[in-house]
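Trainee: below is the sequence, then the predicted model.
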Amino acid sequence: MQEYRTQDQFFHICDSIINGNYQQAIEEAVDYGFSAVDLANYAHEFADVTGFPATNFFYVCEGIGKAKGQADAKHKPDAVKTEILISG
C-alpha cells in the first residue's frame, strides 16, 4: 500500500524545486496527494531543514490547484468545464 503526503515525498518535491523543476514538483505533489494546504504546512514545519522560505512553494501550490481543476473538468459537463477552467 502506497503512503501519501509523507515527509520523504515532501523532500522529493523540495529537491525538484531546488533543481528548478517546478512542473515536476507540481506533478509529484499531485501524484503524492498533496493539497496546497498540506504543502504549506510541511513548508512551514520544515523551513529550517529545507533552507528556503515557504514562498518557494507558492508556484507549486498554485499548480496543484490548476492541475486538480483541470482533472475535475474532464469529468464535468461542458458548461461546468468552462467555469472551472476560467476560475482556475
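Mentor: Yes, it's here.
Trainee: and the closest residue to residue 54 other than its chain neighbours, how far from residue 17?
Mentor: In this structure, residue 54 finds its nearest non-sequential neighbour in residue 43, 4.1 Å apart by Cβ to Cβ, 6 or more residues apart in numbering. C-beta here means a position set from N, CA and C on the backbone, and glycine is covered the same way. Using Cβ to Cβ, to the nearest Å, residue 43 is found at 10 Å from residue 17.
Trainee: for those two, list the residues in contact with both.
Mentor: Contact criterion Cβ atoms under 8 Å, 6 or more residues apart in numbering; residues shared by residue 43 and residue 17: 56, 57.
Trainee: if we can go back for a sec, what is the three-state secondary structure of the residue nearest to residue 54?
Mentor: Under the three-state scheme (DSSP: H, G, I helix; E, B strand; the rest coil), residue 43 adopts helix.
Trainee: count the neighbours of it for me.
Mentor: 23 (other Cβ atoms under 10 Å).
Trainee: list the contacts of it.
Mentor: Counting by Cβ under 8 Å, 6+ apart, residue 43 has contacts 50, 54, 56, 57.
Trainee: report pLDDT for the second one.
Mentor: Which is residue 54. Looking at residue 54, its pLDDT is 77.
Trainee: pull out the buried residues from the longest helix along the chain.
Mentor: The longest helix of the chain (DSSP state H) is helix 58-73. The neighbour-count check on helix 58-73 (16 or more other Cβ atoms under 10 Å) flags 60, 61, 63, 64, 67, 73 as buried.
Trainee: from the contact counts, what lies against it?
Mentor: helix 22-31, helix 36-45, helix 78-87 (3 or more Cβ pairs under 8 Å, 6 or more residues apart in numbering; DSSP states H and E).
Trainee: now it: mean pLDDT?
Mentor: Helix 58-73 comes out at a mean pLDDT of 81.
Trainee: mind saving the C-alpha coords of it as CSV?
Mentor: Coordinates of each C-alpha in helix 58-73 appear next as CSV, following Å, rounded to 0.1, in the frame of the first residue of the first chain:
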residue,chain,number,x,y,z
PHE,A,58,3.6,29.3,-3.9
TYR,A,59,4.0,28.4,-7.6
VAL,A,60,3.7,24.7,-6.7
CYS,A,61,0.6,25.4,-4.6
GLU,A,62,-1.0,27.3,-7.5
GLY,A,63,-0.1,24.5,-9.9
ILE,A,64,-1.7,21.9,-7.6
GLY,A,65,-5.0,23.8,-7.8
LYS,A,66,-4.8,24.2,-11.5
ALA,A,67,-3.9,20.5,-12.1
LYS,A,68,-6.7,19.3,-9.9
GLY,A,69,-9.2,21.7,-11.5
GLN,A,70,-8.3,20.5,-15.0
ALA,A,71,-8.6,16.9,-13.9
ASP,A,72,-12.0,17.6,-12.4
ALA,A,73,-13.1,19.4,-15.6
